[in-house]
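*Asks:* return atomic coordinates for the entry below.
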Amino acid sequence: MLAVIFAVVVLVKFAALLASPVSWMNTAGAMLDHPRACTWIYAVLAAVVGYFVFTRMGVVEVVSAMLLTSLLMGISLGPYSRTILKLGREMAGEGFGRLWPSMVIWAVIAVSALYAVLTSE
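*Replies:* Residues are numbered from 1 along each chain as shown. Predicted coordinates:
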């Protein structure tokens, strides 16, 4: 079911972007004008999806899929490297106080993956 939801959302997003990029960006801008709400919505969705993913798959498989996703995001964002570096400098200048929840989650997943790999027979 998660795969179907993901596929539909991706295809709808691409169709909307191709049909009217300005409308898509206006919609995205309206949503992102509420960063706290967006963060909480993403956190709740990540918890729900994470529960289903981690109860049905091993951490090594999940982390492998996360690596693929990260690389695909890199391909997408590569052409905007100057903008990304500017954002990174801004984030580092503010400190990583707002990022600690996601950093903890990534660290727990990474340590879990290492543990799974190093203790497997």
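*Asks:* which helices and strands does the longest helix along the chain pack with?
*Replies:* For the chain, the longest helix by residue count, based on DSSP state H, is helix 35-56. In terms of contacts (3 or more Cβ pairs under 8 Å, 6 or more residues apart in numbering; DSSP states H and E), helix 35-56 is packed against helix 2-19. The C-beta positions use only the backbone N, C-alpha and C, and glycine is treated the same way.
*Asks:* export the one helix or strand Gly29 maps to as PDB, just CAs?
*Replies:* Per DSSP states H and E, Gly29 falls inside helix 21-32. Extracted in PDB, the C-alpha atoms of helix 21-32 (Å, rounded to 0.1, in the frame of the first residue of the first chain):
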ATOM      1  CA  PRO A  21       5.100  24.900 -12.400                       C
ATOM      2  CA  VAL A  22       4.000  28.300 -11.100                       C
ATOM      3  CA  SER A  23       0.900  26.900  -9.500                       C
ATOM      4  CA  TRP A  24       2.900  24.100  -8.000                       C
ATOM      5  CA  MET A  25       5.400  26.500  -6.500                       C
ATOM      6  CA  ASN A  26       2.600  28.700  -5.100                       C
ATOM      7  CA  THR A  27       1.000  25.700  -3.400                       C
ATOM      8  CA  ALA A  28       4.400  24.600  -2.000                       C
ATOM      9  CA  GLY A  29       5.100  28.200  -0.900                       C
ATOM     10  CA  ALA A  30       1.700  28.400   0.900                       C
ATOM     11  CA  MET A  31       2.500  25.100   2.700                       C
ATOM     12  CA  LEU A  32       6.000  26.100   3.600                       C
END
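*Asks:* relative to helix 35-56, how tilted is that helix?
*Replies:* Helix 21-32 and helix 35-56 are oriented at 90 degrees to each other (axes from the mean of the first three to the mean of the last three Cα atoms, to 10 degrees).
*Asks:* can I get the longest helix of the chain as PDB, trimmed to CA atoms?
*Replies:* Provided in PDB are the C-alpha atoms of helix 35-56 (Å, rounded to 0.1, in the frame of the first residue of the first chain):
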ATOM      1  CA  PRO A  35       7.200  25.600   8.900                       C
ATOM      2  CA  ARG A  36       6.200  24.300  12.300                       C
ATOM      3  CA  ALA A  37       3.000  22.600  10.900                       C
ATOM      4  CA  CYS A  38       5.000  21.200   8.000                       C
ATOM      5  CA  THR A  39       7.600  19.800  10.400                       C
ATOM      6  CA  TRP A  40       5.000  18.100  12.600                       C
ATOM      7  CA  ILE A  41       3.100  16.700   9.600                       C
ATOM      8  CA  TYR A  42       6.300  15.300   8.200                       C
ATOM      9  CA  ALA A  43       7.200  13.900  11.600                       C
ATOM     10  CA  VAL A  44       3.900  12.200  12.100                       C
ATOM     11  CA  LEU A  45       4.000  10.800   8.500                       C
ATOM     12  CA  ALA A  46       7.600   9.600   9.000                       C
ATOM     13  CA  ALA A  47       6.600   7.800  12.300                       C
ATOM     14  CA  VAL A  48       3.700   6.100  10.700                       C
ATOM     15  CA  VAL A  49       5.500   5.100   7.500                       C
ATOM     16  CA  GLY A  50       8.600   4.200   9.600                       C
ATOM     17  CA  TYR A  51       6.600   1.900  11.800                       C
ATOM     18  CA  PHE A  52       5.300  -0.100   8.800                       C
ATOM     19  CA  VAL A  53       8.600  -0.100   7.000                       C
ATOM     20  CA  PHE A  54      10.700  -1.200  10.000                       C
ATOM     21  CA  THR A  55       8.200  -3.900  11.100                       C
ATOM     22  CA  ARG A  56       8.200  -5.500   7.600                       C
END
